[in-house]
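In: This is a predicted model, with the sequence first.
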Amino acid sequence: MNTFDPAALECLAAIVEEGGFERAAQRLSITQSAVSQRLRALEAQVGTVLIVRSRPLKPTSAGYLLLKHTKQMRLLRADLERDLRELAPSSAGGAREEERVSIAVNADSIATWALPALNDLARQGLPMEIITDDQDFTHEWMREGQVLGCVTTVKQALRGCKVVPLGAMDYVAVAQVDYAKANCPKGLTQHNFRDLPFVAFNRKDDMQSEFVGKAFGLKRVSLNQLFVPSSEGQVRAVLAGWGVSVVPELLARGLIEQGQLVNIAPQAALPIQLYWHCWNLASEVLDQLSAALTQAAQEALSAA
């Protein structure tokens, strides 16, 4: 089996993660010409193209495999750094950019329970990178080998990975109190939902239509939507009177108790089951990540 140059592998990863050769060169503190040379040498060794020179740049199937291998090597180095820090604290310096341990977490989990779960690991110096995406799409980051683990709605584990049920995140439909009195005094109904603007996360977010469809037994739902790509931003938009939104109950609970928001569909709720996926590797760092996220989810989310 070929032994691949770690510097060339990190060069490939930098090109993908930074989105281009110039920024990869800046990150690695080498020239853009050196980045190209390392990539060409790696492609020659593998015997195939690893990067599609498109806009944006995209790895080929072989490129994704090597990217996954690079992430696994980073995890091994993170384990080594952790062990060295315990044995000889003075011997473990600050983590380099390429040592970062990447996971993909949906925005609603980041806004509610996931970040507190990682507090201890961050304080211990674990060099994490958290990538955010819709919960239905975080799994793709795992499939492409760009992260070590992900929080997702997908139940089926990928080959070489393991999956743990986390629990269900409950979603509710909310509006600012005065807005609700003026625009939907009887709450959200099958007669007025088409007249209300819904604040959604982005165009991939189908949470709003899924909630309305389930609440009123509709197969197809067309909504008037505004897009705010932040869970907290969605709530702030609702508080400002932009419209209504379906958000995590965990995020809205305090504002409902304070009388700033009102649940406009108390008869309906949408539980979304979440799962933690990670590579099936022997790694103390990965085990710590898994344990921290699993425990926090069990405390914050509804039972599966």
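Out: Looks like it came in fine. Numbers count the residues shown, from 1 in each chain.

In: any idea of the pLDDT on the nearest residue to residue 113 once chain neighbours are set aside?
Out: Of all residues not flanking residue 113 in the chain, residue 300 sits nearest, at 3.7 Å (CB to CB, 6 or more residues apart in numbering). The way it works is simple: take the backbone N, C-alpha and C, and place the C-beta from them, glycine included. Looking at residue 300, its pLDDT stands at 96.

In: thinking residue 300 is in contact with residue 111, fair?
Out: No. In this structure residue 300 lies outside contact range of residue 111 using CB atoms under 8 Å: 11.6 Å.

In: re earlier: next, the contact list for the residue nearest to residue 113, please.
Out: When the contact criterion is CB atoms under 8 Å, 6 or more residues apart in numbering, the partners of residue 300 are 112, 113, 167, 250.

In: Quick one: which of these is the most crowded by neighbours?
Out: residue 113 (24 neighbours; other CB atoms under 10 Å).

In: For it, give its distance to residue 31.
Out: Distance, residue 113 to residue 31, by CB to CB, to the nearest Å: 44 Å.

In: on that earlier part again, out of the contacts of residue 300, flag the one nearest to residue 274.
Out: Nearest to residue 274 out of the contacts of residue 300 is residue 167 (CB to CB; 6.6 Å).

In: and the closest one, what are its bridge partners?
Out: Here residue 167 sits in beta bridges with residue 274, going by DSSP bridges.

In: which SS class is residue 136?
Out: Three-state assignment for residue 136 (DSSP: H, G, I helix; E, B strand; the rest coil): coil.

In: Contact partners for it?
Out: Contacts of residue 136 (CB under 8 Å, 6+ apart): 152, 153, 154, 204, 206.

In: from the contacts of residue 300, which ones fall inside strands?
Out: Of the contacts of residue 300, the ones assigned to strands by DSSP state E are residue 167.

In: Turn the contacts of residue 300 into CSV, including distance to residue 213 and pLDDT.
Out: Shown next, in CSV, are the contacts of residue 300 (distance: CB to CB, whole Å; pLDDT from 0 to 100):
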residue, distance to residue 213, pLDDT
112, 24, 97
113, 26, 97
167, 23, 96
250, 22, 96
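
In: Doesn't residue 103 belong to a strand?
Out: Yes. Assessed with three-state DSSP, residue 103 lies in a strand.

In: For it, give me its contacts.
Out: Listed by CB under 8 Å, 6+ apart, the contact set of residue 103 reads 128, 129, 130, 131, 147, 148, 149, 150, 151, 289.
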